[in-house]
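Participant: Sequence plus predicted model, see below.
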Amino acid sequence: MHSVDDHSPWSDPTAEPDVAARGLEAYGRSLTASPVHVWCGKHTGSWWAFLDGRLIERPTALGVRQEIEAMFSSAHRTGEAAMTPHIPVRADRDAGRQPRRRGHFFRALFAGRPAVAG
């Protein structure tokens, strides 16, 4: 397994986004059989990853790589992702509505929940 500090496309800030994205996808495929898709946002510069039915946004490619490693850390041992399914939590009735955060459409749409029902 690679260390976070090695010279890889995702840890090199001068690397082309496409090169870093392909490297992250290859790294994700080495840990799991689930599809892994990674891309860099053109307008925000944020890094996005679609991992095991979840959409994840991180500010850097290294953050996406760390998320891939955290999600699939036991995949090479058990064959399953090292995560628990999302369990929706009801908001406290007395709390009122939370103020809306300005953000990307996908962040508001998925909000950390699985992208696919299941």
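Facilitator: Everything's here; your move.

Participant: tell me the SS of residue 33?
Facilitator: coil (DSSP: H, G, I helix; E, B strand; the rest coil).

Participant: Now residue 39: phi and psi?
Facilitator: The phi and psi values for residue 39, taken as degrees, to the nearest 10, are phi -150, psi 160.

Participant: What is the burial count for it?
Facilitator: Per other C-beta atoms under 10 Å, the neighbour tally for residue 39 reads 17. C-beta coordinates here come from the backbone N, C-alpha and C atoms, glycine included.

Participant: and if you look at residue 58?
Facilitator: If you count neighbours by other C-beta under 10 Å, residue 58 ends up with 15.

Participant: can you check residue 53 too?
Facilitator: 18.

Participant: Ok, the one 3 residues further on next?
Facilitator: The local packing count at residue 56 equals 19, with neighbours defined by other C-beta under 10 Å.

Participant: Find the nearest non-adjacent residue to it, please.
Facilitator: Spatial nearest neighbour of residue 56, excluding adjacent residues (C-beta to C-beta, 6 or more residues apart in numbering): residue 49 at 4.7 Å.

Participant: That neighbour: which element?
Facilitator: Residue 49 is part of strand 47-51 when elements are defined by DSSP states H and E.
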